[in-house]
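Colleague: for reference, the sequence and a predicted model appear below.
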Amino acid sequence: MAKKMRMPDHKAYVLLSGGQDSFVCTLWAKDNFKALEAISIAYNQTHKIELDYAKKIAAHFGIEHTIYDIKDFFSSIAASSLFGDGNHGTKHPNAENLPASFIPNRNGIFFTIAASHAFRNNEKHIHLVTGVCETDFSGYPDCRDDYIKTKARELSLGMDCRVEIHTPLMRLDKAGTFELAHNAGKLKELNELTMTCYNGNEKMNEWGRGCGECPSCRLRKKGYGEFLKKFSYNT
């Protein structure tokens, strides 16, 4: 389970993609910090409908939400199946060990934007919350725990203030995130208010919205099945 770390005198900034993991991270942050803001990034992603779901999540939790639009910055410098009509099931053209959906340094740039937002708010101790994990992920190197810790140190040095990046899902698989939402009484909202499908398909399934075929949907569907098995066993 995600670690409790009560910080009642601090504010957190959640990187809210509109997906399953950022929804659960919002639950976690609300339980651990006195105040919360959400930050989303628009980058001309094909599945930009996820930003509509980010808005719904922020409204559901009643938290301030800012969307930064960096337009074609990523697509002008990197290849990824998340731009245009790419095949998500293939290998990345610049790295055979990575999936086609990989965008180099995406998380790093997201963290830089979020930290700069918090710095502008005069935060002296910046807390960022993100849903990255090493257990159930697509092989993205910028989701690794070592990278997150290094990025937090780099941001701290670059802004001359303490920056922490909290990763409550780092050791959880997708079944674990469903369990967290279930334990918080938010499983229904998780399935209805989130979008993780790379194709932006809004079809409602037992495990949530999505096409059921892209790598993200397959991972989510698999996790939900494992959650149901564990829940049935425990009950």
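Modeller: Cool, got the structure. Residues are numbered from 1 along each chain as shown.

Colleague: residue 165 sits in which helix or strand?
Modeller: Taking DSSP states H and E as the criterion, residue 165 maps to strand 162-166.

Colleague: against which helices or strands is the helix or strand just after that strand packed?
Modeller: Under the assignment DSSP H and E, the closest C-terminal helix or strand after strand 162-166 is helix 174-183. If you count contacts as 3 or more CB pairs under 8 Å, 6 or more residues apart in numbering; DSSP states H and E, helix 174-183 packs onto helix 20-32, helix 187-193, helix 215-234. For the C-beta atoms, the positions are set from N, CA and C on the backbone; glycine is no exception.

Colleague: for the shortest one, buried residues please.
Modeller: By 16 or more other CB atoms under 10 Å, the buried positions in helix 187-193 come out as 187, 189, 190, 191, 193.

Colleague: what do you get for stretch 131-151?
Modeller: Of the residues in stretch 131-151, those buried (16+ other CB under 10 Å) are 131-134, 136-137, 140, 142-144, 147-148, 151.

Colleague: centre of the chain to that stretch, how far?
Modeller: Distance of stretch 131-151 from its chain centroid, counting by CA atoms, centre = their mean, to the nearest Å, is 11 Å.

Colleague: that one - what's its average pLDDT?
Modeller: Regarding stretch 131-151, the rounded mean pLDDT is 88.

Colleague: now stretch 22-35
Modeller: Stretch 22-35 comes out at a mean pLDDT of 96.

Colleague: go on, stretch 70-90?
Modeller: pLDDT averaged over stretch 70-90 gives 88.

Colleague: buried stuff in that stretch?
Modeller: So, applying 16+ other CB under 10 Å, buried residues of stretch 70-90: 74, 75, 78, 79, 80, 81, 82, 83, 86, 88.

Colleague: thanks a lot, catch you later.
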